[in-house]
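*Asks:* here is a sequence with its predicted model. Questions after.
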Amino acid sequence: MPYRSPVAVIVSWVFVVGLVLGLSLLASGVRRGEAEAERSGGMGGALTGGTTVAEIAERSGLPDPMLRDALGLRGPEDRERTLSELGLTPEEAKERIQRAMALGREGETKSWRKIVAKFGAWGMFLGVVFVLMRRSRLSPSVRLGALAVAVAVFGIAFGPEQSPKGTVKDTIALWGRSGVLFPPRLIALALFLAMAIAGNKFICGWGCQFGALQDLVFRLNRDRHDRKGVLRQLKPSFAVSNAVRVAFFAVFTAVAVGWATDIIEPVDPFKIYSPKALGAVGLVFVGAVLAAGLFVYRPWCHFFCPFGLVGWVAEKVSINRIRVNYDTCVACEQCARACPSTVMGAILKQDRVIPDCFACGVCVETCPTKSISFDREKRAPVPEGKFAEAPRAAAVPEGAEQVDQQGTP
Ligand code: SF4
Ligand code: SF4
């Protein structure tokens with residue numbers, strides 16, 4: 001009797017996606033500080049050389065410290081001075097005020113206590129998973145449980161805001177719209193990159209709310225050992241998926257900077273955790289991504305995500321990473337077949353281009369000779385001729401679990 005029938009895969013997909021949507025609807029209703037502050041336009045009325053700072057303060061609603069920084073004021077006595085007296089042209093002053101207002105609006109939309117709590121939760125959760133990964137303790141059930149926790153905590157409970165994807169997307173979109181950088185977001189981006197470097201994209205593998213949901217969906221369509229799809233799963237060529245991702249990033253950036261338009265926003269799949277913000281187009285898109293996610297590992301991450309691309313570059317200097325001990329490796333390539341994407345095959349043979357590894361641990365758990373680890377060592381070069389012959393499944397030592405070409409033990 002199969003572990004899970006194709007019908008059960010579809011039913012569990014409907015159940016999980018429906019549950020995430022339903023719980024997110026409930027949670028977003030009670031989450032405080034969720035609603036984005038109204039992004040109002042610029043300051044009303046025109047400026048002239050005779051406009052005083054006090055008038056600008058009233059029309060813009062900017063608090064004194066921001067006004068002082070924006071116009072370079074020395075103190076309260078400058079409030080009655082005109083732009084001409086300050087040596088500013090109306091155009092220059094308007095541009096500075098609009099930038100300050102854009103930064104102010106970004107700050108108003110944030111719940112700082114929630115942000116600190118979310119980063120604290122990420123730190124603790126990723127720390128636990130990291131230890132499990134280092135000790136090779138990520139069995140299929142532990143993996144599924146950890147992914148479910150990530151979806152529940154970082155997605156349903158905390159919502160779509162604050163994500164690795166958002167730090168890249170929103171930085172570019174804000175720059176395109178207002179010509180400003182929001183410093184707290186840059187700090188968050190630096191933290192996410194640090195996590196990606198410390199643990200080979202660990203934040204994407206286990207912490208990102210939408211990455212975890214895609215991963216969970218993909219694993220619904222896997223056999224008991226998490227090595228093969230119940231319904232056939234595909235491994236698209238990395239050259240294709242990355243080319244699409246680079247092109248998408250380039251178009252997104254060009255449109256954001258050239259036309260002040262964020263083309264990701266209407267289809268942002270992270271809004272599944274705030275379903276009321278999902279329009280019809282967004283709902284169709286996120287449904288399509290999650291349906292594709294049953295058959296292809298993390299389609300949004302591999303084909304579209306801006307942080308996916310940036311994190312893949314950061315991954316090149318990651319400290320902890322998947323490593324093969326070629327002294328004990330018997331070249332059976334079971335790890336490469338069990339890996340949900342093409343990356344383990346590339347790591348195993350040390351290809352010039354290594355695709356994204358999401359540190360899921362399947363390869364570590366699959367290797368019959370325990371030759372794969374997740375650690376700080378440098379990757380050793382492949383011994384010459386190691387993979388020259390046909391896969392040597394027969395060389396698997398006695399007692400070690402053997403997996404056939406289909407990934408079935
Ligand atoms: S690549 Fe995937 S996991 Fe990483 S930020 Fe993007 S959606 Fe999240
Ligand atoms: S190489 Fe593949 S199986 Fe191994 S941790 Fe990375 S994504 Fe998972």
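*Replies:* Here it is on my side, so go on. Ligands and ions are numbered 1, 2, ... in the order given.

*Asks:* now for the strand or helix carrying Ala146, which elements pack on it?
*Replies:* If you go by DSSP states H and E, Ala146 is part of helix 140-150. On a contact count with 3 or more Cβ pairs under 8 Å, 6 or more residues apart in numbering; DSSP states H and E, helix 140-150 meets helix 112-134, helix 209-220. For the C-beta atoms, the positions are set from N, CA and C on the backbone; glycine is no exception.

*Asks:* how about those, which one is nearest Ile372?
*Replies:* helix 112-134 (11.4 Å; Cβ to Cβ).

*Asks:* show residues contacting that closest one.
*Replies:* Counting by Cβ atoms under 8 Å, 6 or more residues apart in numbering, helix 112-134 makes contact with 32-33, 138, 142, 146, 149-150, 153-154, 158, 162, 184, 188, 191, 195, 199, 202-203, 206-207, 320, 359, 361, 364, 374-375, all of which sit outside it.

*Asks:* okay, the helices and strands packed on helix 140-150, which one's buried deepest?
*Replies:* With neighbours taken as mean count of other Cβ atoms under 10 Å, the helices and strands packed on helix 140-150 reach their highest mean count in helix 209-220, at a mean of 26.

*Asks:* what's the angle between it and helix 112-134?
*Replies:* 40 degrees (axes from the mean of the first three to the mean of the last three Cα atoms, to 10 degrees).

*Asks:* do helix 209-220 and ligand 2 meet?
*Replies:* No. Between helix 209-220 and ligand 2, judged by Cβ under 6 Å from any ligand atom, nothing touches; the nearest distance is 9.8 Å.

*Asks:* do the same with stretch 234-251
*Replies:* No. For stretch 234-251, no contact with ligand 2 is found by Cβ under 6 Å from any ligand atom; the gap never falls below 10.3 Å.

*Asks:* C-alpha coordinates for that stretch, PDB please?
*Replies:* Extracted in PDB, the C-alpha atoms of stretch 234-251 (Å, rounded to 0.1, in the frame of the first residue of the first chain):
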ATOM      1  CA  LEU A 234      10.500  18.000 -12.000                       C
ATOM      2  CA  LYS A 235      13.900  19.600 -11.600                       C
ATOM      3  CA  PRO A 236      14.100  22.500 -14.000                       C
ATOM      4  CA  SER A 237      17.500  23.400 -15.400                       C
ATOM      5  CA  PHE A 238      19.100  26.100 -13.200                       C
ATOM      6  CA  ALA A 239      20.400  27.900 -16.200                       C
ATOM      7  CA  VAL A 240      16.800  28.500 -17.200                       C
ATOM      8  CA  SER A 241      15.300  29.300 -13.800                       C
ATOM      9  CA  ASN A 242      18.200  31.700 -13.000                       C
ATOM     10  CA  ALA A 243      18.000  33.400 -16.300                       C
ATOM     11  CA  VAL A 244      14.300  34.000 -15.700                       C
ATOM     12  CA  ARG A 245      15.100  35.300 -12.200                       C
ATOM     13  CA  VAL A 246      17.800  37.700 -13.400                       C
ATOM     14  CA  ALA A 247      15.600  39.000 -16.200                       C
ATOM     15  CA  PHE A 248      12.600  39.500 -13.800                       C
ATOM     16  CA  PHE A 249      14.900  41.300 -11.400                       C
ATOM     17  CA  ALA A 250      16.200  43.600 -14.100                       C
ATOM     18  CA  VAL A 251      12.600  44.400 -15.400                       C
END
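
*Asks:* so for that stretch, mean pLDDT?
*Replies:* The predicted model assigns stretch 234-251 a mean pLDDT of 98.

*Asks:* tell me how far it lies from the chain's centre.
*Replies:* Between the centre of stretch 234-251 and the centre of its chain there are 16 Å (Cα atoms, centre = their mean, to the nearest Å).

*Asks:* repeat for stretch 101-109
*Replies:* Using Cα atoms, centre = their mean, the offset of stretch 101-109 from its chain centre is 23 Å.

*Asks:* okay, it in PDB with CA atoms only?
*Replies:* Extracted in PDB, the C-alpha atoms of stretch 101-109 (Å, rounded to 0.1, in the frame of the first residue of the first chain):
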ATOM      1  CA  MET A 101       7.800  62.600   4.000                       C
ATOM      2  CA  ALA A 102       8.500  59.300   2.200                       C
ATOM      3  CA  LEU A 103      10.800  58.200   5.000                       C
ATOM      4  CA  GLY A 104       8.300  59.300   7.600                       C
ATOM      5  CA  ARG A 105       5.500  57.300   5.900                       C
ATOM      6  CA  GLU A 106       7.800  54.200   5.800                       C
ATOM      7  CA  GLY A 107       8.400  54.600   9.600                       C
ATOM      8  CA  GLU A 108       4.700  55.000  10.400                       C
ATOM      9  CA  THR A 109       3.800  51.700   8.800                       C
END
